[in-house]
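Q: got a structure for you, letters missing:
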């Protein structure tokens, strides 16, 4: 089974699950929703739980506008609900609004300092903005690396900052955790691409494609092919990424793919 848009869902591990589009909740989702209900067990708060559950579903379906509306309704009822702010951060990230996403994630972490997913989003945003030193400052504040996606982010950023031994050790730890392997594949492939190891990057992406699909991987594959002089196939991957993120529209990936197509077609 292939998991469509897997990287989108990696950094929202307790908000949406791509394998539950049949109307049933995964075990992780069910536990999260049950916890939410327990935390909001007064009758006055039942409306916020309802909107929160609906927001889960819309985010699962990549319906960002509806997900954002539902999360906002939760916040209108409960402005101090950290996970609703986390949901807003995820929506903003996928829309490509990184500064807004960071603000939402920061609000979530302020309300719930141990909200590891919020810390991850902040680190991911810094990585996207090519501010790896800031990303590592966030990660180093943690007592451990119990959240696998943070291992991968830390590995990537340590490598970019030329802490190669630490980067290799962290990638090994990320793989050995046997969780979120798709994210680890993507980040190690991007890491190898960053240092010009195009064959290695391509081989790692092949491992990713054996089990997963996602526009981010297609974009990276296209960039690798550009470096290897294969413009025709590269444009094919960019167009595939654009198509995958067009309906429903995921601006973060759609706009990246569109700009690459415009740049290399001309």
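A: Nice, thanks for sending it over. Just so you know, these numbers come straight off a predicted model, no measurement behind them. Residues are numbered from 1 along each chain as shown.
Q: poorly predicted segments of this protein, please.
A: 1-44, 141-145 (pLDDT under 70).
Q: same thing but 50
A: 1-30, 33, 37, 40 (pLDDT under 50).
Q: list the buried ones in the strand or helix carrying residue 124?
A: According to DSSP states H and E, residue 124 maps onto helix 116-128. The neighbour-count check on helix 116-128 (16 or more other C-beta atoms under 10 Å) flags 116-127 as buried. Every residue, glycine included, has its C-beta placed from N, CA and C.
Q: what sits up against the following helix or strand past it?
A: Using DSSP H and E, the next helix or strand after helix 116-128 towards the C-terminus is helix 132-139. For helix 132-139, the external contacting residues (C-beta atoms under 8 Å, 6 or more residues apart in numbering) are 119, 122-124, 126-127, 145, 150, 153-154, 156-158, 160-161.
Q: ok, now stretch 168-177?
A: So stretch 168-177 is contacted by 145, 148, 151-152, 154-155, 158, 180-181, 184, 188, 191 (C-beta under 8 Å, 6+ apart).
Q: buried residues, that stretch. List them.
A: 170-171, 173-175, 177.
Q: ok so, going back, okay if I get the buried residues of helix 116-128 as JSON lines plus distance to residue 196?
A: Formatted as JSON lines, the buried residues of helix 116-128 follow (distance: C-beta to C-beta, whole Å):
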{"residue": "116", "distance to residue 196": "33"}
{"residue": "117", "distance to residue 196": "33"}
{"residue": "118", "distance to residue 196": "34"}
{"residue": "119", "distance to residue 196": "31"}
{"residue": "120", "distance to residue 196": "28"}
{"residue": "121", "distance to residue 196": "29"}
{"residue": "122", "distance to residue 196": "29"}
{"residue": "123", "distance to residue 196": "25"}
{"residue": "124", "distance to residue 196": "24"}
{"residue": "125", "distance to residue 196": "25"}
{"residue": "126", "distance to residue 196": "23"}
{"residue": "127", "distance to residue 196": "19"}
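Q: just those now: which is nearest residue 110?
A: Using C-beta to C-beta, residue 118 is the member of the buried residues of helix 116-128 that lies nearest residue 110, at 9.0 Å.
Q: doesn't residue 89 make contact with the closest one?
A: Yes - contact criterion C-beta atoms under 8 Å: residue 118 and residue 89 qualify, at 6.9 Å.
Q: wait, residue 124 touches residue 154, no?
A: No - in this structure, residue 124 is not within contact of residue 154 by C-beta under 8 Å, at 11.2 Å.
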